[in-house]
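# After the sequence you'll find the predicted model.
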Amino acid sequence: MRPSMRTILLVFATLAFLRPFAYAVAMTGAPIKDAEMKTLAGPSEKVLRAKAKATVLVFFRTGQDRSVSALKELAKCEKDLAGKPVRWVALVSSVEDTEAVKAEVKESGIAMPVLFDEQDAYYQQLEIRQHPAIVFLDAQWRVVAAEGFRQIDFCDVVKTRVRFVLGEATQAELDAALNPPVSALPGQDPMKKAMRDVNMARRLLDMAVYDGAIQACQKALAIAPVAEAFAVMGDVYQKQGNCAEARKAYVSALKIKADEPHALDGQKACAGK
Amino acid sequence: MQTLRSRRVEEGRSSRGNARLVMGCLTALAVGSLALPQQALAIQTRYETVKAPLRAAKDMAPVPAAQSKHTHAPFQPGRCGICHVKNDDKNPGGLRHASVNEECLECHEDTREVMSRTYKHYPSVVSCNYCHNPHNSVEPGLLLAKAEELCWECHKGLHKAVATAKVKHDALTEGKRCSNCHNPHASKVDRMLISLPFDLCVNCHSKDGMVSSDGKAMPNSKLWLGQNKVWHAPVQAKDCSACHRTHGGDNYRLLVNGYPAAFYKDYDPKNYALCYGCHSERVVSEPETTTLTGFRDGSRNLHYTHVHRDRGRSCRACHEVHAAKQERRVRDGVPFGSKGWILPINFTKTSTGGTCARTCHDTRSYSRTLTKAVDAHAAAEK
């Protein structure tokens, strides 16, 4: 296969794995245009700010549950990110009823200015097709991401996206916000589950319930090969004056975990005995 | 629930052999629990939720040995001192630690790690005793009652909604029930979810031959999403609950709002309440537009033409709801007849519009750059 053909195939293969952008299709990498709009407060205002390192455009509409929920959550995000060079702007269609907009904005608690998008021109420029839509711009006013409202972790995602644009969050942090790791129930990891019995064994050792401590260690080892279980067994044998058995247990512990502190201490204590 | 616990208490009382041991332990546990500051964790849910009172000491009574199916390892004669200040079955005294939770976490260090997660369940922060019996139990996990009964004790509004839902979700009645999706201790995901809704849903909806509660076949969602890479925005955001009421609901397929199950439907905004939850109704209701949709011939809104009429085409006539191979999730074909035939639409996108091949109608093209004056369709209709 010729190298050029290989390159073409590689590009197609890569494109096949990329998911199209659903909210704002116009992610060309070119800066979006600024505009001046009427505000809910009265005087007209430009949408964008030259000094902003990040911009969050919030397109919403009235009488829609998801817009109400998004605005309420965004009020929290705004507060959490107060003081950062972020331009927050809420945009609503010019055909919306001003009083209805006022009421929803008041209820939500957002502090950002609310601008009336004349005949949805800005909305159309970004090729958005639904509400609410939260569009993130970088310092050069380029669209870097867009979000709808999500019922789970919405504010976390918004804040992490803003912090990412500001250079305060890493790609790994953004990925973790978008795809949080599984929050498993306790006891799912056998190594950690086995440590419960090891901890109980230590307590039984303190109580001088030696048989019980050994049983607990054996139970732990039946769940997972934890070095700590052998170390506690060694301590029990040592306490009983049986350094021969203790040494065997410490060796087993150190085979699993070379720096197991109890096993190292125990070996020293049993040295020469 | 209350009856169950009361019954256990009665049975506990009748077991004289355990009585002294029990009372000593229980007093200590209750004191330990109450010593904790009541942490004011907000309960945010759409359903009524009440904070159940802390368990009384008597609720921690061991189940009589003959009935107990699960015993906590330290609950053995001569081992009370693992948790209590005295290793005396008859008079164990108080707990060794200042709180119940600290006592439990001394051994259950994995739970300490779990409890460091962002979203914490109120009862598990206050006291493990809210849900667990520290001695023994009929239920797995030393739970004081069946897991879902414990949940319903506080989540009363949700219980009512689940009980009265016309369309049920098997996830609530099978397997681990509530714990299929929620971690009752703490989570890194909001609403105590084990992972994002999509990951939880696809975990089950990845089999062929699944049937909904009304007996209708359900698609293998994982397979479909794997084969069709243009995903609907809520699917991309892993937010299945944007459209589906996961605890049960009144609409077909657990949809949060109205959506026609049929191909044809007389136009009424109520029929499309689900879609209008995000998309503007004006996309369909405005006959002319140059901003609301790209599916227009000049300014003639073709969504209006197709949908806004008697026996209009429903959204599903042209769009797949979860995923498709084409942009805007335009379907490959439309269903025809009762035998599951699919007639290909052969939609072709152009730089200014597109073409649909002869299926529902003769081959037709549209272009957004046309003006009304030269609108071919308008001219043809005249």
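Arrived safely. Residues are numbered from 1 along each chain as shown, chains lettered A, B, ... in the order given.

# Can you name the residues that contact A:A103?
A:T62 (Cβ atoms under 8 Å, 6 or more residues apart in numbering or on different chains). Any C-beta I mention is one placed from the backbone N, CA and C, and that applies to glycine too.

# and it, how far is that from chain B?
With distances taken as Cβ to the nearest Cβ, to the nearest Å, A:A103 is found 19 Å from chain B.

# In terms of helices and strands, where is that residue?
Secondary structure assignment for A:A103, by DSSP states H and E: helix A:98-108.

# For the stretch 1-150 of chain B, give me the ranges with low pLDDT.
Applying pLDDT under 70 to the stretch 1-150 of chain B picks out residues B:1-46.

# Within range of chain A, give me the residues from it.
Taking Cβ under 8 Å from any Cβ of the partner chain as the contact definition, the stretch 1-150 of chain B meets chain A at B:73-74, B:76, B:78-79, B:81-82, B:87, B:106-111, B:113-114, B:117.

# okay, now the domains of chain A?
Annotated domains of chain A cover A:18-178, A:190-270 [automatic domain parsing].

# Now the element after the helix holding A:A103, going C-ward?
Counting by DSSP H and E, the next helix or strand C-terminal to helix A:98-108 is strand A:114-117.

# That following strand: how far from the chain's middle?
31 Å (Cα atoms, centre = their mean, to the nearest Å).

# For that strand, the averaged confidence score.
Computed over strand A:114-117, the mean pLDDT rounds to 97.

# Show me what that strand is packed up against.
strand A:36-39, strand A:86-93 (3 or more Cβ pairs under 8 Å, 6 or more residues apart in numbering or on different chains; DSSP states H and E).

# Tell me who's in contact with the residue nearest to the spatial centre of chain A.
In chain A, the residue lying closest to the centroid (Cα atoms, centre = their mean) is A:A177, at 2.4 Å. Applying Cβ under 8 Å, 6+ apart, we find A:A177 in contact with A:D153, A:D156, A:V157, A:T160, A:R161, A:A169.

# Name the SS class of it, please.
Secondary structure, DSSP: H, G, I helix; E, B strand; the rest coil: A:A177 is helix.

# And the residue most central in space within chain B, how far from chain A?
Geometric centre of chain B, nearest residue: B:T246, 4.0 Å, by Cα atoms, centre = their mean. From B:T246 across to chain A, the span is 10 Å (Cβ to the nearest Cβ).

# which residue packs closest to that residue, ignoring adjacent ones?
Leaving aside its sequence neighbours, B:T246 sits nearest to B:H169 (Cβ to Cβ, 6 or more residues apart in numbering or on different chains; 6.2 Å).

# How about B:H303?
Spatial nearest neighbour of B:H303, excluding adjacent residues (Cβ to Cβ, 6+ apart): B:V284 at 4.9 Å.

# so the one you found makes contact with B:D268?
No. Using Cβ atoms under 8 Å, B:V284 makes no contact with B:D268, being 10.9 Å away.

# between those two, who's got more neighbours?
B:V284 (24 against 11; other Cβ atoms under 10 Å in any protein chain shown).

# Please compute how far the helix or strand encompassing the more buried one lies from its chain's middle.
Taking DSSP H and E as the criterion, B:V284 maps to helix B:282-285. Distance of helix B:282-285 from the chain centroid (Cα atoms, centre = their mean) equals 31 Å.

# residues in contact with it?
Counting by Cβ under 8 Å, 6+ apart, A:R129, B:Y267, B:P269, B:Y272, B:T289, B:L292, B:T293, B:N301, B:H303, B:Y304, B:V307, B:H308 sit against helix B:282-285.

# What values do phi and psi take at the residue nearest to B:T246?
With angles defined as degrees, to the nearest 10, B:H169 sits at phi -110, psi 120.

# and A:Q188, how many neighbours?
As a burial measure, A:Q188 scores 11 neighbours (other Cβ under 10 Å).

# Could you measure from it over to chain B?
Taking Cβ to the nearest Cβ, one finds A:Q188 at 9 Å from chain B.

# do A:A246 as well
23 Å.

# What parts of the stretch 51-200 of chain A come near chain B?
With the criterion set to Cβ under 8 Å from any Cβ, the stretch 51-200 of chain A comes near chain B through A:61, A:64-66, A:119-121, A:123-124, A:127, A:129-131, A:147-153, A:156, A:179-187, A:189, A:192-193, A:195-197, A:199-200.

# So among those, which ones count as buried?
Among those, those scoring as buried are A:61, A:64, A:66, A:120, A:123-124, A:129-131, A:147-153, A:156, A:180, A:182-183, A:185-186, A:192-193, A:195-197, A:199-200 (criterion: 16 or more other Cβ atoms under 10 Å in any protein chain shown).

# Where strands are concerned, which of these count?
Applying DSSP state E to these, the entries found in strands are A:E147.

# quick one: which of the buried ones among the residues of the stretch 51-200 of chain A next to chain B sit in helices?
A:R66, A:Y123, A:Q124, A:D156, A:K192, A:K193, A:M195, A:R196, A:D197, A:N199, A:M200 (DSSP state H).

# Mark out where each domain of chain B begins and ends.
Using automatic domain parsing, chain B is parsed into the domains B:2-154, B:168-242, B:264-381.
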